[in-house]
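In: give me a 3D structure for the following:
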Amino acid sequence: DPGDAALIEDPGYEGARSAWRAAGARVVPLRVDDDGLDIARLPAGARPRLAYVTPAHQFPTGAVLSLPRRLALLDWARRADALIVEDDYDGEFHFDGRPLAPLAALDREARVLYLGTFSKVMFPALRLGYLVVPAPLARLFADAKALADGGTSALEQQALAQFIAGGSFERHLRRARQRHGARRAALLAAITRHLGDRVRVSGANAGLHILLHLPRLPAADGDALVRRAAQRQVGVYSAAPYYARPPRHTVLVLGYGGLEPDEIDTGIAILATVLSAER
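Out: So this is what the prediction gives:
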């Protein structure tokens, strides 16, 4: 309801933050660390009715929510009579170790709304996503969606359903993991080769992007670096807009899902040259 509090990750996805605000919610940011969101740090008196999280590959830091914190978050939702929106936007791509079970798979109290999309694993123009809700809420959400829009084209849905049922989707996913794994390896190798100890990488074990921390470059100089890189046809993006309280140093978001290994190496080499010119 308008005036209720909605918990979001800090840094976190701007789209969710805007959606909650548009619904009249009071947004409560909670800082993310290397193990994801820590519900134990929730300020006293905040009392959120909803928590929005990206546990498989936190956006944008790439942190994976640890199992103890997943269980603690579910326990909090039970005690607070709250809902959890689990956005698994690129969980199909996991490169180091075994992926943890989604919150929705651990949920025994009908508290988790599980969001997914085919934008990453197929292509964004397909415009297909899905929402898995607890059975008691299914009719409510179906009615709400009917009011919100007229639905997605049946042709794309039927084609995708056949693609999945026939086993082609699984084969496509295996090939995509191999391709993106090679791109990830090329990116990490290029960063080591061209940037060395000038930077620190986080969030590289899953997903299709990493965070590049530049501890020697003040945050105030980050936008100039992004502009100079763009002038050299290299697209990197500042992570500052995703933070409620941005770090003092420059942090960049680097996506690699649409690039080949040689393009990645060239881009990082150019970025290193631009960075040297900034100093």
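
In: where do the strands sit along the stretch 51-200 of the chain?
Out: Using DSSP state E, counting those that start in this stretch, the strands of the stretch 51-200 of the chain run over 83-87, 112-117, 129-132, 200-202.

In: given the last one, what are its sheet partners and their directions?
Out: Which is strand 200-202. strand 209-218 (antiparallel) (DSSP bridges).

In: got the buried residues for whichever helix in the chain runs longest?
Out: Longest helix in the chain, counting residues (DSSP state H): helix 168-194. Residues of helix 168-194 classed as buried under the neighbour-count rule (16 or more other Cβ atoms under 10 Å) are 169, 176, 180, 183-184, 186-188, 190-191, 194. (Each C-beta comes from the backbone N, C-alpha and C, glycine too.)

In: now swap in stretch 47-63 and tell me
Out: Buried, per 16+ other Cβ under 10 Å, within stretch 47-63: 48-63.

In: which one of those is nearest to Ala161?
Out: Among these, Ala56 lies closest to Ala161 (Cβ to Cβ), at 23.6 Å.

In: mind checking how far the closest residue to the closest one other than its chain neighbours is from His180?
Out: Closest residue to Ala56 apart from its sequence neighbours, by Cβ to Cβ, 6 or more residues apart in numbering: Gly91 at 3.7 Å. To His180, Gly91 is 13 Å away according to Cβ to Cβ, to the nearest Å.

In: any idea which helix or strand carries Val274?
Out: Assigned by DSSP states H and E, Val274 belongs to helix 261-278.

In: so what's the gap between that helix and the chain middle?
Out: 24 Å (Cα atoms, centre = their mean, to the nearest Å).

In: next one: stretch 163-179
Out: Worked out by Cα atoms, centre = their mean, stretch 163-179 lies 22 Å from the chain centre.
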